[in-house]
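# compute the structure for the input listed below.
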Amino acid sequence: MSPVSSKATTIGAVLLSVIVALVIPNDILNEFPRLLQSVSDYPSSESSLEVSRLTTEAIVISVHRNGEFEACHPTPYVIHPSLDLDGADFDSNLTDALLSFLEIESCGPVVGEGSFQDFCDMGELKTPKIQGLESVVRVPSTDSLPCSFFTREGRRITSLSSLATFASMSSKPALDIYAVAAGRLFQYAPGFVGEIFDLSHLPHPENKKMYLETMSVSPKVFDIHNFFILQEADDLIDRALNNKNQAMMLKRSSTGVGDEIDVNPVRTSENAFDTSGKSAMLLKKRCFKVLGIDPYNEEMADGLQVLRYNVSKAYKSHLDYLDRTPSSSHDFDSAGLGTNRYATILLYMVDFEPEDGGETVFTYGSPYKPVKEPPTFKEALEEARSYSTLFKENSWEEKMVAECKSSLSVTPKRARSVLFYSQHPDGRVDKKSQHGGCPVLTEEKSKWAANLWVWNGPRMGYATAPKKANHKKRRDRDRSELKEDSAPAGSLKATFRNTGQDPKFQGASLYYEDTLWGEFGPRKVHSVNSYVGHVWNVKDESGNVLLTWVIKDEGAQTFAV
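Numbering: from 1, shown residues only. This is a model prediction of the structure:
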């Protein structure tokens, strides 16, 4: 046996064993050898076991697959915290120890067949290259990627001592731990509507207790109590109203990404982006902590989008998960190696009453804590027609009002926030996360809201973002088609000019989406044949986007800084 295998076997034996009862009296516990084995396989002779005794520091655990309320194995486990390892070794060795005990189908992959090893390591084609993955220590006995482990509240378990600490804080006889596959992110695992997740370990600007209240199990929707404060809400509105940056300022909302951007007739709100404001940055980092993602990674966060809905304005039900676009080089398939929007936190900055409209509706969710029996869609439609003349009969807005009154909907309240997931824990899109912005029914005030999108890895636009397998061929084709002398049908001439008057563009470069086009320093000019919806970015030497231009259907266009 090799030294590595020997060490793995010893550590595995020390780490973990199966027991039948959750509660073990101290006098019985002290009679168990420290190196417990499966009760059904426990040998009649102790001669092959280490004679040392298990202390009262033993930890009883129940193992769950990420995002699942029920433990994947019906039998709990005991771990002796005699070996304190760093995070990477802890993950690999705990995974190693669990492999033989969780050799049942319910602990394998959610989709397809396999063992707990296959759950932790989904394979090269289903493990996104997230930050830190390259430094993960592999499982000694299998050379596979290990799971990472979290508490129910999303706190990372990095050592046996931290595991012991969390166990001592638990009110249950067995500590629930959640195994997260390599390359994947933690996800909360509610089992019933109304379930509370205590997040008081997270810092709050006014030292209030933060917690999640489950509004829906499928889709997963949570009310986040005390996520942000009134001052932050006011600051977001103020910055949106005063932002003069053409790319970030408040304007008619659009949909799509890359060269598929479009003004959508079923999205009638206005939006602005805040990528660097003090409150925006604090909220983005707080969002990552709520999601159990540490450290904060700017490459996984979109800018904070601030929205304004005036009377009658709305956004038809949709997914935040982005469709694959044939013209983009980005790999959006998050069930494979791609990245996409993983979770959304919605922020509300004004107080609305139910009769004011403006709710966020989850079309696959049931009303939360209804005062009375919720109406059917037909009943809600008839009721909407009785008190509102804002919309034409059978219009999408009218139908949406009915949808909002008969499904799970969240009424805006100042400094209220809501979390929902757009993906399942293994990266598959959660189609039940479909949601929309209900029409505003009052003329007395506007609905102000914001959203934070977190991706499951580097988002589109970054050099580290995943590309489609044929992205190089597409990039070369695009560059060829966009040359000035090719002038393909339907193209528009676009000229980009740096006048040299603004010093912040001194070392700038011009990008088509995330593809470098050329240097864009003072007095530099680029003329290309582009298309409506194409996105051109000006970036500084560090790769930060300084300015974004979108080609419009207005003939030849000139953009200058």
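
# tell me where the protein has helices.
With DSSP state H as the criterion, the chain has helices at 3-15, 26-29, 87-99, 116-120, 160-169, 230-242, 278-290, 377-387, 396-406, 471-481.

# show me the shaky parts of this protein.
1-57, 81-88, 244-249, 251-269, 325-327, 371, 387-388, 470-491, 514 (pLDDT under 70).

# once you drop chain neighbours, what's closest to Val350?
Trp448 (5.0 Å; CB to CB, 6 or more residues apart in numbering). In short, each C-beta sits where N, CA and C put it, glycine included.

# now for that neighbour, how many residues are close by?
22 (other CB atoms under 10 Å).

# what does Lys129 give?
Applying other CB under 10 Å, we find 15 residues neighbouring Lys129.

# and it, how far from Gly533?
Distance, Lys129 to Gly533, by CB to CB, to the nearest Å: 29 Å.

# swap in Glu70?
46 Å.

# out of the two, which sits in the busier spot?
Each of Glu70 and Gly533 has its neighbours counted (other CB under 10 Å); Gly533 has more, 18 against 12.

# the more buried one and Glu513 touch, don't they?
No - between Gly533 and Glu513 there is no contact under CB atoms under 8 Å: 11.1 Å.

# take the helices of the chain and write them to TSV, including mean neighbour count.
Shown next, in TSV, are the helices of the chain (neighbours: other CB atoms under 10 Å):
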stretch	mean neighbour count
helix 3-15	16
helix 26-29	11
helix 87-99	23
helix 116-120	23
helix 160-169	17
helix 230-242	17
helix 278-290	20
helix 377-387	15
helix 396-406	21
helix 471-481	13
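
# and Leu500, what is it in contact with?
Careful, residue 500 is Gly; it's not Leu. Shown in contact with Gly500 (CB atoms under 8 Å, 6 or more residues apart in numbering): 522-523.

# and it, backbone torsions?
Main-chain dihedrals, Gly500, degrees, to the nearest 10: phi 80, psi 10.

# tell me how many other residues surround Gly112.
There are 10 residues near Gly112, going by other CB under 10 Å.

# er, Ser135 I mean
Ser135: 7 neighbours (other CB under 10 Å).

# any idea how far it lies from Trp455?
To Trp455, Ser135 is 21 Å away according to CB to CB.

# what of Lys405?
Distance, Lys405 to Trp455, by CB to CB: 33 Å.

# also Phe559?
Shown here: Phe559 relative to Trp455, a distance of 28 Å by CB to CB.

# more neighbours: those two, which one.
The residue with more neighbours, out of Phe559 and Trp455, is Trp455; 27 against 18, by other CB under 10 Å.

# can you tell me the distance between the two ends of stretch 107-114?
Start to finish, the residues bounding stretch 107-114 are 9 Å apart (CA to CA, to the nearest Å).

# what of stretch 333-340?
Stretch 333-340: ends 7 Å apart by CA to CA.

# neighbouring contacts of that stretch?
Contacts of stretch 333-340 (CB under 8 Å, 6+ apart): 125-129, 300, 321-322, 324, 330-332, 342, 422-423, 426-429, 455-460, 465-466.

# among the residues you listed, name the buried ones.
Burial by neighbour count, 16 or more other CB atoms under 10 Å: within those this picks out 126-128, 300, 321-322, 330-332, 342, 422-423, 426-427, 429, 455-460, 465-466.

# among the residues you listed, which ones are in strands?
Of the buried ones among the contacts of stretch 333-340, the ones assigned to strands by DSSP state E are 342, 455.

# and of the helices of the chain, who's closest to Pro439?
With respect to Pro439, and counting by CB to CB, the nearest of these is helix 396-406 at 5.0 Å.

# what's the closest one packed up against?
On a contact count with 3 or more CB pairs under 8 Å, 6 or more residues apart in numbering; DSSP states H and E, helix 396-406 meets strand 315-318, strand 360-362, helix 377-387, strand 435-437.

# starting at the chain centroid, how far to the first one?
A distance of 20 Å separates the C-alpha centroid of strand 315-318 from that of its chain, computed with CA atoms, centre = their mean, to the nearest Å.

# picking that back up, CSV for the helices of the chain, including distance to Gln434?
Shown next, in CSV, are the helices of the chain (distance: least, CB to CB, whole Å):
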stretch, distance to Gln434
helix 3-15, 42
helix 26-29, 50
helix 87-99, 35
helix 116-120, 28
helix 160-169, 35
helix 230-242, 26
helix 278-290, 21
helix 377-387, 15
helix 396-406, 11
helix 471-481, 29
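
# for Glu444, find the nearest of these.
Once those are compared by CB to CB, helix 377-387 is nearest, at 15.4 Å.

# residues contacting that closest one, please?
Outside helix 377-387, the residues that touch it by CB under 8 Å, 6+ apart are 375, 393, 398-399, 401-406.

# in JSON lines: these, plus distance to Phe288.
As requested, the contacts of helix 377-387 are exported to JSON lines (distance: CB to CB, whole Å):
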{"residue": "Pro375", "distance to Phe288": "39"}
{"residue": "Glu393", "distance to Phe288": "45"}
{"residue": "Glu398", "distance to Phe288": "39"}
{"residue": "Lys399", "distance to Phe288": "37"}
{"residue": "Val401", "distance to Phe288": "35"}
{"residue": "Ala402", "distance to Phe288": "37"}
{"residue": "Glu403", "distance to Phe288": "32"}
{"residue": "Cys404", "distance to Phe288": "30"}
{"residue": "Lys405", "distance to Phe288": "34"}
{"residue": "Ser406", "distance to Phe288": "34"}
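
# just give me the closest of these to Arg414.
Cys404 (19.8 Å).

# residues in contact with the closest residue to the closest one other than its chain neighbours?
In space, and not counting its chain neighbours, Cys404 is closest to Cys438: 3.9 Å by CB to CB, 6+ apart. Counting by CB under 8 Å, 6+ apart, Cys438 makes contact with 314, 357-361, 400-401, 403-404, 409.

# ok, and for stretch 104-116, which residues are buried?
Buried residues in stretch 104-116, counted by 16+ other CB under 10 Å: 107-109, 115-116.

# starting at the chain centroid, how far to it?
The answer for stretch 104-116 is 24 Å, by CA atoms, centre = their mean.

# can you give the contact residues for that stretch?
So stretch 104-116 is contacted by 63, 65, 72-73, 95, 98-99, 102-103, 118-119, 122, 179, 424-426, 428 (CB under 8 Å, 6+ apart).

# straight-line length of that stretch, end to end?
8 Å.

# quick thing: my sequence starts at 32, can you match it?
Happy to do that; since the first residue is 32 now, the last one works out to stretch 135-147.

# all strands of the stretch 32-181 of the chain, in order?
Under the criterion DSSP state E, counting those that start in this stretch, the stretch 32-181 of the chain contains strands at 48-49, 90-96, 108-110, 179-182.

# want to throw those into TSV with distance to His256?
Listed next are those as TSV, based on distance: least, CB to CB, whole Å:
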stretch	distance to His256
strand 48-49	38
strand 90-96	24
strand 108-110	33
strand 179-182	19
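
# and these: which comes nearest Pro250?
strand 90-96 (18.2 Å).

# put the alpha carbons of that closest one into CSV.
Taking C-alpha atoms only, strand 90-96 is exported to CSV below (Å, rounded to 0.1, in the frame of the first residue of the first chain):
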residue,chain,number,x,y,z
ILE,A,90,-20.1,14.8,16.3
VAL,A,91,-23.3,13.3,14.9
ILE,A,92,-24.1,14.4,11.4
SER,A,93,-26.7,13.9,8.7
VAL,A,94,-25.5,14.4,5.1
HIS,A,95,-27.7,16.1,2.5
ARG,A,96,-27.2,16.7,-1.2
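
# show me what it is packed up against.
Using 3+ CB pairs under 8 Å, 6+ apart, strand 90-96 is in contact with strand 108-110, helix 191-200, strand 206-211.
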